[in-house]
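In: Give me a model of this one.
(chains A and B)
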Amino acid sequence: MAMAATYKQLRDAVTLAERAIQKPPRKNSVLDAVEAFSFLEAYALANWKELPDQEKELLSALAYLVVEPPKVGASTAIFARLKSAWLLLAGRVRLEDLVRLYSAASSYADSILALVEQSSQDYQNMVSERIREALAADRNELIDLEELRGRLLAD
Amino acid sequence: MGDSWQIEHLPEAERDLKRFLKPFKGKSKEKYVLFYLSILDGLKELGLHPNSAQEPLPGSVEIPAEVGLWKIRVNVPGLTGAVSRLRVLYLRMVAEKRIVVIAVYTHKDFKKRPPDRLLAKLINGTLGKN
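Out: Purely as a prediction, here's the structure:
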């Protein structure tokens, strides 16, 4: 897929990726979802600053679904696990493909969360302030690793 | 190890770290302290971590050419949600082989979760509908 995309194309890719992480996926949909996550991650990294808010929200929503999935009832969770186990046992989905899906989803979420952080004025202010302090500090104002280790383990 | 990188922390970064550790007690706290220290141990050889990448500088600040701003991204085992996404920001001073950790934070500190209605539409498959 090219780096330009319409909102509908993005929405379809997000929906495809979302389905794969919310429902027990099948073999083909896992690989499609891996591709969708990779495309969306590359698209966001290449275009974030220019993206309209609507697209940023959509991409962020998917990232937060990966990081903070909605809570479901105990019976729904058990049913989903049993179904996933059955799909694996029946060879409808391969374990290595599920690992690829997890890895793609996690990488996507981490990249989007980093973009969300970098867009925050509080984050920008904190980083600027800390850089100035670090460059201006005398060595004796900084805490060396052994001192830190001792203090953290003693607390 | 005379050739290894020296690792130092800004006092604010130590405070960040203590804030992250505050909810944990006893063995659990020790586990997370050791986890954090193991991240830093990974920096000693090259001043780089397998999960580190250069971080864009905020527009308002300039740093010397031999200094870089780097960020380590790790997911903390045993935690879930935004608080499990731990980040370590550091200045990498190549000429002096020094690392100065300037901030330790989790994504929870800068979280901007979209409205629940958008997440619900995404989950229900009604994204394209009004």
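In: Strands of chain A, residue ranges please.
Out: Counting by DSSP state E, chain A has strands at residues A:143-144.
In: and it, what are its domains?
Out: Domain assignment of chain A by automatic domain parsing yields the ranges A:7-119, A:120-155.
In: any idea which of those scores lowest on pLDDT?
Out: Ranked by mean pLDDT, the domains of chain A bottom out at domain A:7-119, with a mean of 85.
In: Test my guess that residue A:124 contacts residue B:56.
Out: No. Applying C-beta atoms under 8 Å, one finds residue A:124 not in contact with residue B:56, separated by 9.8 Å. The way it works is simple: take the backbone N, C-alpha and C, and place the C-beta from them, glycine included.
In: Can you tell me the centre-most residue of the chain?
Out: Just so you know, I chose chain A. residue A:109 (0.8 Å; C-alpha atoms, centre = their mean).
In: meant chain B, my bad for not saying
Out: Most central in chain B (C-alpha atoms, centre = their mean) works out to residue B:87, at 1.0 Å.
In: By residue count, tell me the biggest helix in chain A.
Out: helix A:95-118 (DSSP state H).
In: Can you show me the CA trace of that helix as PDB?
Out: The C-alpha trace of helix A:95-118 is given here as PDB (Å, rounded to 0.1, in the frame of the first residue of the first chain):
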ATOM      1  CA  LEU A  95       1.000 -20.100  16.700                       C
ATOM      2  CA  GLU A  96       3.900 -18.300  14.800                       C
ATOM      3  CA  ASP A  97       1.300 -16.200  13.000                       C
ATOM      4  CA  LEU A  98      -0.300 -15.200  16.300                       C
ATOM      5  CA  VAL A  99       3.100 -14.300  17.600                       C
ATOM      6  CA  ARG A 100       3.600 -12.100  14.500                       C
ATOM      7  CA  LEU A 101       0.300 -10.500  15.100                       C
ATOM      8  CA  TYR A 102       1.100  -9.700  18.700                       C
ATOM      9  CA  SER A 103       4.500  -8.300  17.700                       C
ATOM     10  CA  ALA A 104       3.000  -6.100  14.900                       C
ATOM     11  CA  ALA A 105       0.200  -4.900  17.200                       C
ATOM     12  CA  SER A 106       2.600  -4.100  20.000                       C
ATOM     13  CA  SER A 107       5.100  -2.300  17.700                       C
ATOM     14  CA  TYR A 108       2.200  -0.300  16.300                       C
ATOM     15  CA  ALA A 109       0.900   0.700  19.700                       C
ATOM     16  CA  ASP A 110       4.300   1.700  21.000                       C
ATOM     17  CA  SER A 111       4.900   3.900  17.900                       C
ATOM     18  CA  ILE A 112       1.500   5.600  18.100                       C
ATOM     19  CA  LEU A 113       1.900   6.200  21.900                       C
ATOM     20  CA  ALA A 114       5.300   7.800  21.200                       C
ATOM     21  CA  LEU A 115       3.700  10.100  18.600                       C
ATOM     22  CA  VAL A 116       0.900  11.000  21.100                       C
ATOM     23  CA  GLU A 117       3.500  11.800  23.700                       C
ATOM     24  CA  GLN A 118       5.500  14.000  21.300                       C
END
